[in-house]
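>>> missing the sequence, but the structure's below:
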């Protein structure tokens, strides 16, 4: 499969999916990489704790604006990366045409990425580290 468009999905599109989006953009500057949320907090910036995690990696996420997932996002994507089994099932049941291109970000480690929303900075830091590892795992497949 020739992957040109990657979509990263979480719940609110303010924590996990933007962190993964910006890490993937750093690793794959020639691809179109976007993120969205199943229950997107439309118009919100990335969570301050997520932004701090990324600043520590010299990545600026200050321009991120959350958006809600829709069928057009899914149709344009060659690869859709979600944070959990439940999110994968939800997308495949709601939009059956997406089956076969939806995978967990933690697929290669058989892990879900826990939601750090409203947790402390240490939880965000752990989540960011897991996301970094998972993004690296995808490097040979994208």
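Perfect, I can see it now. Given the structure is predicted, the values throughout are model-derived calculations rather than measurements.
>>> residue ranges for the helices of this protein, please.
If you assign secondary structure with DSSP state H, the helices in the chain sit at 16-27, 48-55, 71-76, 85-94, 121-138.
>>> out of those helices, nearest to residue 6?
The closest approach between residue 6 and any of those, judged by CB to CB, belongs to helix 16-27 at 6.1 Å. Just so you know, the C-beta spots here come from the backbone N, C-alpha and C atoms, and that holds for glycine as well.
>>> turn the helices of the chain into JSON lines, columns for mean neighbour count and mean pLDDT.
Formatted as JSON lines, those follow (neighbours: other CB atoms under 10 Å; pLDDT from 0 to 100):
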{"stretch": "helix 16-27", "mean neighbour count": "24", "mean pLDDT": "97"}
{"stretch": "helix 48-55", "mean neighbour count": "19", "mean pLDDT": "97"}
{"stretch": "helix 71-76", "mean neighbour count": "14", "mean pLDDT": "96"}
{"stretch": "helix 85-94", "mean neighbour count": "16", "mean pLDDT": "97"}
{"stretch": "helix 121-138", "mean neighbour count": "18", "mean pLDDT": "96"}
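>>> how about TSV for these, with distance to residue 41 added?
As requested, those are arranged in TSV below (distance: least, CB to CB, whole Å):
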stretch	distance to residue 41
helix 16-27	11
helix 48-55	12
helix 71-76	16
helix 85-94	16
helix 121-138	16
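>>> wait, which of these is closest to residue 64?
helix 16-27 (4.7 Å).
>>> just list what the closest one packs against, helices and strands only.
strand 5-10, strand 32-37, helix 48-55, helix 121-138 (3 or more CB pairs under 8 Å, 6 or more residues apart in numbering; DSSP states H and E).
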